[in-house]
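>>> Here is a sequence together with a model predicted from it:
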Amino acid sequence: MDCKANQKMLPAFLAGKLETRELKQFLIHVENCEECMEELTIQYLVMTGAAILEEGNSFDLHKELEGLLEEARKRVRKRRILTIFSYLCEIFAILAVILILIMVVFG
């Protein structure tokens, strides 16, 4: 993914609206691209930091943004685990059907 495509995804990321595949690509890029991480930091500050500061609450931009990124990483990992589990279930179902067919034919 290039920087232009990644930066177009920033608003969707900050709104939590990226699908898992897009989210994974976004995270890989932003974690390896200093310019895109800087742009994410700026947009995150504009979007959430201003509201928090207006309320008078303290705000640790780096900590808050890292928390958001970590939640996104967890979402990608969970989805990957669910995908693997679903493939395993399909494999076991196919094996069960094959076993039943063998039992019917040769039993």
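The structure has been received and is ready for your questions.
>>> which other helices and strands contact the longest helix anywhere in the chain?
In the chain, with assignment by DSSP state H, the single longest helix is helix 61-106. Where contact means 3 or more CB pairs under 8 Å, 6 or more residues apart in numbering; DSSP states H and E, helix 61-106 is packed against helix 20-32, helix 34-44. For glycine as for every other residue, the C-beta is placed from the backbone atoms N, C-alpha and C.
>>> a markdown table please, covering these and showing distance to V76 and mean pLDDT.
Putting the helices and strands packed on helix 61-106 into a markdown table (distance: least, CB to CB, whole Å; pLDDT from 0 to 100) gives the following:
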| stretch | distance to V76 | mean pLDDT |
| --- | --- | --- |
| helix 20-32 | 5 | 94 |
| helix 34-44 | 16 | 92 |
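>>> Minimum distance to A93: which of those helices has it?
Taking CB to CB, helix 20-32 is the member of the helices and strands packed on helix 61-106 nearest to A93, at 23.3 Å.
>>> how about the closest one: buried residues?
Neighbour-count burial for helix 20-32, counted by 16 or more other CB atoms under 10 Å, picks out 23-27, 29-30.
>>> Also stretch 63-74?
Those would be 65, 68-69, 72, for stretch 63-74 by 16+ other CB under 10 Å.
>>> Which of those sits closest to V97?
A72 (37.9 Å).
>>> Next, find the distance separating the closest one from R80.
For A72, the distance to R80 equals 13 Å [CB to CB, to the nearest Å].
>>> for this structure, what helix or strand is lowest in average pLDDT?
Within the chain, no helix or strand scores below helix 50-54, which has a mean of 72 by mean pLDDT, DSSP states H and E.
>>> Centre of the chain to it, how far?
Here helix 50-54 is found 26 Å from its chain centre; the criterion is CA atoms, centre = their mean, to the nearest Å.
>>> Nice, that's everything, thank you.
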